[in-house]
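> Provide a 3D model corresponding to the input given below.
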Amino acid sequence: MSTYAIGDIQGCYDQLLQLLEQIRFDPSSDRLWFAGDLVNRGPKSLQVLRFVRDLGDNAITVLGNHDLHLLAVWQQKHHHFSSNDTLLPIMQAPDRDELCNWLRRQPLLHHDAQLDYVMVHAGLPPQWDLATARRLAGEVETVLRGDDFLAFMENMYGNKPKLWKEELRGWDRLRFAVNCFTRLRFCTAAGELDFHHKGKPGSAEPTVLPWFAVPGRRSCDQRILFGHWSTLGFHRGDNVCALDTGCLWGGALTALRLEDGTAFHIDCPATCAPGAE
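Okay, the predicted model is just below:
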């Protein structure tokens, strides 16, 4: 039995099947962890969503920013559609509601104490330890799965607040948490979130750092898996492993076998030109 963590797929279904063939994935015994962004920009988001859903207990996926975007499009019809979206086949599918209701019940953070790994889509602010991160993930998940889901979709978008305070309440508190779990790349040493820079580490001003490189980060004792940052690529260091290797942009799709740390990559043709997140 093996457990494989896989980076952002974003609708690249054919490449996912090729990777699973390379690692000889056995659905009767192996498990897959997906680092979020199952959908959007790639050509076969509907197939990816159905495939991961049908894996049942053999798969765990955390929510990424594109997954949440799909939920917003689903609830607000075309109000939030972007010109770069490739979500229309999901919106037209007969099982659309079933798939989206399944998606909104997925976690923002997964922790396996036995394997000693934490997985999120993007990152954690330096002020949060694991207990705080799990608590905040639970708060957001409760709203996503509950009666306030529609109101949350209307209030989810935005870059503020940028600095964590335990006193944050309401939509500000939930929005900050979602932005950390699904959008974070850089922040200041004080933990102020920065959404302007999306390039490699070292491409931003010296005042902003990769979230995992902030001195004194309270989650530094946890082994953290994440995706989201395609320009970072496969990265191991600072007790983290980055898994988004830019499959969508013509890079690779990556799987990490968690039991021994072996990485597997398949080269991917570019599905579309690099663009915004």
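> Please make it C-alpha for all contacts and neighbour counts, starting now.
Will do.
> ok, the residue sitting nearest the centre point of the chain to residue 33 distance?
Most central in the chain under CA atoms, centre = their mean is residue 121, positioned 2.5 Å from the mean C-alpha point. Separation of residue 121 from residue 33 (CA to CA, to the nearest Å): 11 Å.
> quick one: the helices in the stretch 151-277 of the chain?
170-183 (DSSP state H, counting those that start in this stretch).
> quick one: low-confidence ranges for it?
272-277 (pLDDT under 70).
> Check whether the residue nearest to the centre of the chain really touches residue 230, as I assumed.
No. The pair residue 121 / residue 230 is not scored as a contact, 11.8 Å apart, by CA atoms under 8 Å.
> Please verify my assumption that residue 143 contacts residue 152.
Yes. At 7.2 Å, residue 143 counts as touching residue 152 under the criterion of CA under 8 Å.
> any shared contact partners between the two?
Both residue 143 and residue 152 lack any common contact, where contact means CA atoms under 8 Å, 6 or more residues apart in numbering.
> how many other residues sit next to residue 85?
16 (other CA atoms under 10 Å).
> Pretty sure it sits against residue 44.
No. Taking contacts as CA under 8 Å, residue 85 lies outside contact range of residue 44: 11.7 Å.
> contacting residues around the residue nearest to the centre of the chain?
35-37, 62-64, 108-109, 181-183, 225-228.
> Next step: these restricted to strands.
109, 225-226 (DSSP state E).
> With residue 68 as the reference, measure out to the residue nearest to the centre of the chain.
In terms of CA to CA, residue 121 sits 11 Å off from residue 68.
> Straight-line length of stretch 235-246, end to end?
13 Å.
> err, stretch 15-34, not the other one
Calculated as CA to CA, the first-to-last residue distance of stretch 15-34 is 14 Å.
> Go ahead and name everything in contact with that stretch.
Outside stretch 15-34, the residues that touch it by CA under 8 Å, 6+ apart are 1-9, 55, 58-62, 253-255, 264-266, 268.
> Any of the residues you listed buried? List them.
Among the contacts of stretch 15-34, those classed as buried by 16 or more other CA atoms under 10 Å are 3-9, 58-62, 253-255, 264-266, 268.
> Now residue 89: closest residue in space, sequence neighbours ignored.
residue 46 (6.5 Å; CA to CA, 6 or more residues apart in numbering).
> Against which helices or strands is the helix or strand harbouring the one you found packed?
Of the helices and strands defined by DSSP states H and E, residue 46 is found in helix 45-54. Packing partners of helix 45-54 (3 or more CA pairs under 8 Å, 6 or more residues apart in numbering; DSSP states H and E): helix 13-22, helix 88-91, helix 96-103.
> same thing but at 6 Å, please
The contact analysis (3 or more CA pairs under 6 Å, 6 or more residues apart in numbering; DSSP states H and E) places helix 45-54 against no helix or strand.
> Next, the contact list for residue 217, please.
residue 126 (CA atoms under 6 Å, 6 or more residues apart in numbering).
> same thing but at 10 Å, please
Residue 217 makes contacts with 124-129, 189-191, 211, as judged by CA atoms under 10 Å, 6 or more residues apart in numbering.
> Ok, residue 102 next?
Neighbouring residues of residue 102 by CA under 10 Å, 6+ apart: 49, 53, 96, 145.
> Over to residue 201?
Residue 201 touches 185-186, 208-210, 213, 231-232, counting by CA under 10 Å, 6+ apart.
> for residue 218, same thing?
124-130, 132, 212 are the contacts of residue 218 under CA under 10 Å, 6+ apart.
> Closest one of those residues to residue 159?
residue 125 (14.2 Å; CA to CA).
> My read is that the closest one contacts residue 191, right?
Yes. Under the criterion of CA atoms under 10 Å, residue 125 makes contact with residue 191 at 6.0 Å.
> can you list residues touching both of those two?
Common neighbours of residue 125 and residue 191 (CA under 10 Å, 6+ apart) are 163-164, 211, 214, 217.
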